[in-house]
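S.K.: Predicted model follows, preceded by the sequence.
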Amino acid sequence: MNPKTHFDRLALYNRWANRRLYDTAAALTDAQFHEDRGAFFGSVLGTLNHLLVADQIWLERIEGTGPKHSALNLILCDGFAELRAAREAEDERILRVVAAQPEERFEAIFAYTNTAGVSHELPFAPVLTHIFNHQTHHRGQAHTLLSQFGLKAPVIDFVYFLADRQTQ
């Protein structure tokens, strides 16, 4: 499979999984959404904001436009509706950014500076893999938090996304 097709599919999966997660999180009360449950970023609010912040950091590095955040624990959106709208917009941006990459970029070296000001050069395709893997990692944390509140956390495994696409 060519890398462009692979990453286009991961961007679609990312949007699908985030929508399912947010559909379930919508059942939380505002207090539950904000409650510190001891997760790495505290609450569902903190975890989902972290994902948004990290995506914006990486997309700014790739595109050269967008917010330049200096911390990974920022709360960009304090309310669920606002955060959901920002997440949906960022997922659409991810789809556009990945789709806009020429095939040769996936084999190129990607230079960037991290939030601590340290410069790095890494292959572009593995950096994209990191972005999607990072999403999966923290979605798993949010998934656990939703379960702790007694909600039936959604199935968000990649194979279910593939099966869902075959039935459409």
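M.R.: All right, it came through fine.
S.K.: where do the helices sit along this structure?
M.R.: Using DSSP state H, the helices assigned to the chain run over residues 3-25, 30-34, 44-63, 80-100, 124-148, 158-166.
S.K.: And the contacts of the fifth one?
M.R.: Think helix 124-148. Here helix 124-148 makes contact (C-beta atoms under 8 Å, 6 or more residues apart in numbering) with 3, 7, 10-11, 13-14, 17-18, 21, 24-25, 28, 37, 39-41, 43-44, 47-48, 50-51, 54-55, 58, 94, 98, 101, 105-110, 112, 153-154, 156. C-betas here are computed from N, CA, C, even on glycine.
S.K.: Show me what counts as buried in stretch 97-112.
M.R.: Judged by neighbour count using 16 or more other C-beta atoms under 10 Å, the buried positions of stretch 97-112 are 97-98, 101, 106, 110.
S.K.: pLDDT and distance to residue 142 added to those, as JSON lines?
M.R.: Putting the buried residues of stretch 97-112 into JSON lines (pLDDT from 0 to 100; distance: C-beta to C-beta, whole Å) gives the following:
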{"residue": "97", "pLDDT": "97", "distance to residue 142": "23"}
{"residue": "98", "pLDDT": "97", "distance to residue 142": "22"}
{"residue": "101", "pLDDT": "96", "distance to residue 142": "28"}
{"residue": "106", "pLDDT": "96", "distance to residue 142": "29"}
{"residue": "110", "pLDDT": "98", "distance to residue 142": "28"}
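S.K.: circling back: quick check: PyMOL command selecting the buried ones in the contacts of helix 124-148.
M.R.: Only the buried entries of the contacts of helix 124-148 go into this PyMOL selection, using 16+ other C-beta under 10 Å:
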select buried, resi 3+7+10+11+13+14+17+18+21+24+25+28+39+41+43+44+47+48+50+51+54+55+58+94+98+101+106+110+153+154+156
